[in-house]
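> Prediction below, plus the sequence it came from.
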Amino acid sequence: MPATTPSPPLPARTAWAMLLALICGFALSQAFRTITAIIAPGLQAEFGLSPQALGVFAGAFAFAFGCMQLFMGVGIDLFGVRRTLLTAFPLTVAGALLSAWAPQWGLVLLGQVLIGVGCAPAFLVCTVFIARYFAPQRFALVSGVAMGLGGLGMLFTGTPLAWLVEHSSWRTGFTVLAGLGVLAWLLIFWRVHEPTRAAHTHAHESLAQAVRGFGALFLLPHTWGIMLLALVTYAAFLALRGLWLGPLLIARHGLSLVESGNVALVFSLVSLFGPALFGRLDPGPARRRRWIITGTLTMAALFLAMALLHSVWVDVGGAIALGLLSGYMVLQYADVRTAYPAAMTGRAMAVFTMAMFLGVALVQWATGLVASLASAQGADPYVAVLLAITALLCAGALAFRLLPAPENGKNSL
């Protein structure tokens, strides 16, 4: 697991320089996970994809990303942040190039899997680095800044990618991202050098011991509420931004690809500020879980409004509001940070991230299926998708509220 025992201190400027280099890899991960919303029309035109197949495509990245979290966590513990990321990230470049040149749909899907595996440590290394080299009381704030800066990757999959695809093809988008991936790898190779971790007081675990350590998390009753909510919150955000936003605006309101890209760009821009804002406003353990539930239910209300009102202003305004509100999810990371003892924090972060991205894969696949079934019945597929996401968010909030809370959070609800 990614250990969070005390590490040799780093000067503040050095720590921030290394973190910013790591965030470049995270930003590329954000770009890859949101590319479908813009390239979906091109994929459908070239391969004749159904909405369900489109959901499988979008979910392939997240499924591979989520499944690899446990192994990336072990890799970070055994080999460190730098070596783990530098070893995995070339698969991202390989997957992007395969997607760009693949003549068959199956190879494009394989490219998504490779990209997901290569990006798997991208955000985990940032959270572990912050936990090791920044003061505990700054975790929510610094994590919020990291999430916000990482969101810059989504800017590329707004207007710039839409323009590129409209004037060239979806394959060019993958080629450009592959080139940016090479640059990010070189920057991390140059800038990130962890000090010798002399402060480790425990021996490295074997893989079997690490897996048993991860399993021990699920013996703690409060883990289930945390993980069930993790399955749906980021998944709801990414299902809209990374899959359905472009097709919805084009099909429901007749926007062009570039116009829908403009909306995605604004959505991404406001989402950059949300994590830092909520990180600064973090109310602390006593009230944090109440804020998390309120944020989740507010997201559900916005999705419900978009499902029922059929207004371009509601759809565009609701999407932008969701972009800003999504920053509250940084409080979920802070909740995990305080819900477990220090020896378990690293593996808890890895399992939490795994739950988030398996949730992304599940929700993107499920909403694709819902859209296909609705279309087959002559119903509006986008209403069905948005209502399904609303229901999932409400179910996640209910599980988080009713299942046992950690000892330090029992008074927060």
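Yep, it's here.

> Any figure for the gap between Ala31 and Ala96?
10 Å (CB to CB, to the nearest Å). Glycine gets a C-beta too; all of them are placed from N, C-alpha and C.

> swap in Phe61?
Phe61 is 11 Å from Ala96, by CB to CB.

> Now do the contacts for Ala178.
93, 96-97, 100 (CB atoms under 8 Å, 6 or more residues apart in numbering).

> Actually, His310.
Arg252.

> Quick check: phi and psi at it.
phi 50, psi 40 (degrees, to the nearest 10).

> One more: the one 10 residues further on?
Backbone torsions for Ile320, taken as degrees, to the nearest 10, come to phi -70, psi -40.

> Any idea how many residues pack against it?
Ile320: 18 surrounding residues under other CB atoms under 10 Å.

> Please renumber the chain so that the first residue is 897 from this point on.
Done: numbering now begins at 897, and the last item shifts to Ile1216.

> Next one, pLDDT for it please.
Reported pLDDT at Ile1216 in the predicted model: 94.

> Now do the contacts for it.
Per CB under 8 Å, 6+ apart, neighbours of Ile1216: 1159, 1162-1163, 1166.

> Just name the closest of the residues you listed to Gly1111, please.
Distance to Gly1111, by CB to CB, is smallest for Phe1163 among the contacts of Ile1216, at 37.9 Å.

> thinking again about what came up before, please check the contacts of Ala1074 and keep the buried ones.
989, 992-993, 996 (16 or more other CB atoms under 10 Å).

> Go through these and flag which are in helices.
Under the assignment DSSP state H, the buried ones among the contacts of Ala1074 contribute 989, 992-993, 996 to helices.

> Using a markdown table, lay out those together with distance to Thr1234 and pLDDT.
Putting these into a markdown table (distance: CB to CB, whole Å; pLDDT from 0 to 100) gives the following:
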| residue | distance to Thr1234 | pLDDT |
| --- | --- | --- |
| Val989 | 37 | 97 |
| Ala992 | 37 | 96 |
| Leu993 | 42 | 97 |
| Ala996 | 43 | 94 |
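
> thinking again about what came up before, using CSV, lay out the contacts of Ile1216 together with distance to Val1013.
Listed next are those as CSV, based on distance: CB to CB, whole Å:
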residue, distance to Val1013
Val1159, 31
Val1162, 31
Phe1163, 27
Val1166, 30
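
> between those residues, which is nearest Leu1153?
Using CB to CB, Val1159 comes nearest to Leu1153 of those, at 11.0 Å.

> show me the contacts for that closest one.
Val1159 neighbours (CB under 8 Å, 6+ apart): 1054, 1141, 1145, 1151, 1212, 1215-1216.

> do that again at 6 Å, thanks
Val1212 (CB atoms under 6 Å, 6 or more residues apart in numbering).

> Would you mark the buried spots in the helix or strand harbouring it?
According to DSSP states H and E, Val1159 maps onto helix 1153-1177. Within helix 1153-1177, the residues that count as buried by 16+ other CB under 10 Å are 1153-1168, 1170-1172, 1174-1175.

> Quick check: mean pLDDT of that helix?
86.

> quick one: that helix to chain centroid distance?
14 Å (CA atoms, centre = their mean, to the nearest Å).

> Could you look up the next helix or strand downstream of that helix?
Per DSSP H and E, the helix or strand that comes after helix 1153-1177 is helix 1181-1205.

> That following helix packs against which elements?
helix 1208-1221, helix 1226-1235, helix 1277-1298 (3 or more CB pairs under 6 Å, 6 or more residues apart in numbering; DSSP states H and E).

> Can you convert the ones you listed into CSV and add a column each for distance to Trp1081?
Shown next, in CSV, are the helices and strands packed on helix 1181-1205 (distance: least, CB to CB, whole Å):
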stretch, distance to Trp1081
helix 1208-1221, 28
helix 1226-1235, 25
helix 1277-1298, 34
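
> Tell me which of the ones you listed sits most buried.
helix 1226-1235 (a mean of 23; mean count of other CB atoms under 10 Å).

> Give me the next element, helix or strand, following that helix.
Using DSSP H and E, the first helix or strand after helix 1226-1235 is helix 1238-1272.

> what would the ones in helices among the buried ones among the contacts of Ala1074 look like in JSON lines with distance to Arg1233?
Below are these laid out as JSON lines (distance: CB to CB, whole Å):
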{"residue": "Val989", "distance to Arg1233": "32"}
{"residue": "Ala992", "distance to Arg1233": "33"}
{"residue": "Leu993", "distance to Arg1233": "37"}
{"residue": "Ala996", "distance to Arg1233": "39"}
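
> Between those residues, which sits nearest Ala933?
Relative to Ala933, and with distances defined as CB to CB, the nearest of those is Ala992, at 16.9 Å.

> Thought Thr1071 was touching the closest one, still the case?
No - in this structure Ala992 lies outside contact range of Thr1071 using CB atoms under 6 Å: 7.3 Å.

> Could you list the low-pLDDT ranges of this protein?
Scanning the chain for pLDDT under 70 picks out 897-905, 1092-1107, 1238-1239, 1241-1242, 1304-1309.
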